[in-house]
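> My questions concern the predicted model and sequence given below.
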Amino acid sequence: VFRSTDYGSTYERMNDKIGSKTVLSYLYVCPTNKRKIMVLTDPEFESSVLISSDEGASYQKYRLTFYVLSFLFHPTVEDWALAYSHDQKLQCFPHGKLSTAGAELGVPRGPGGCLG
């Protein structure tokens, strides 16, 4: 994985920051804050989400307890996201609250089944 901060003139290799054996499947950019990025790993290898709040310069990795079929940032609240799982469940969580070490997604709780 490579990252450019100068519109493609130069690139920085990111494998050491996300894990050299991590297989990525989807990248999502927050519609209200372009610095926030969520990257989903390929569930065939590992079901995780990598979250960046600095345009991909660094990531926090969190294991998921479900396989994501589709993902959507909330259109106006930058710290909320929805994920639809392969077992046809809607998972919602405030990704801004995932700064706690060892936070795990996938167990619905709270109002409306939201995590947090």
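Ah, there it is.
> Return the helix or strand bottoming out on mean pLDDT in the chain as PDB; C-alpha atoms alone will do.
Using mean pLDDT, DSSP states H and E, the weakest-scoring helix or strand in the chain turns out to be strand 90-93, at a mean of 72. The C-alpha trace of strand 90-93 is given here as PDB (Å, rounded to 0.1, in the frame of the first residue of the first chain):
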ATOM      1  CA  LEU A  90     -27.100  -3.800  10.500                       C
ATOM      2  CA  GLN A  91     -24.300  -2.800  12.800                       C
ATOM      3  CA  CYS A  92     -23.900   0.900  13.800                       C
ATOM      4  CA  PHE A  93     -21.100   2.400  15.800                       C
END
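> which helices and strands does it pack with?
Applying 3 or more CB pairs under 8 Å, 6 or more residues apart in numbering; DSSP states H and E, we find strand 90-93 packed against strand 81-85. Bear in mind the C-beta positions are built from the backbone N, C-alpha and C, glycine included.
> Show the low-confidence segments of this structure, by residue range.
Under the criterion pLDDT under 70, the flagged ranges of the chain are 20, 93-116.
> now the helices: where do they sit in it?
Here the chain has its helices, by DSSP state H, at 15-18.
> ok, now how distant is the residue nearest in space to the middle of the chain from Glu44?
The C-alpha lying nearest the average C-alpha coordinate of the chain belongs to Met38 (CA atoms, centre = their mean; 3.1 Å). Remark: distance between Met38 and Glu44 (CB to CB, to the nearest Å) = 19 Å.
> same question, Leu90
Distance from Leu90 to Glu44, by CB to CB: 22 Å.
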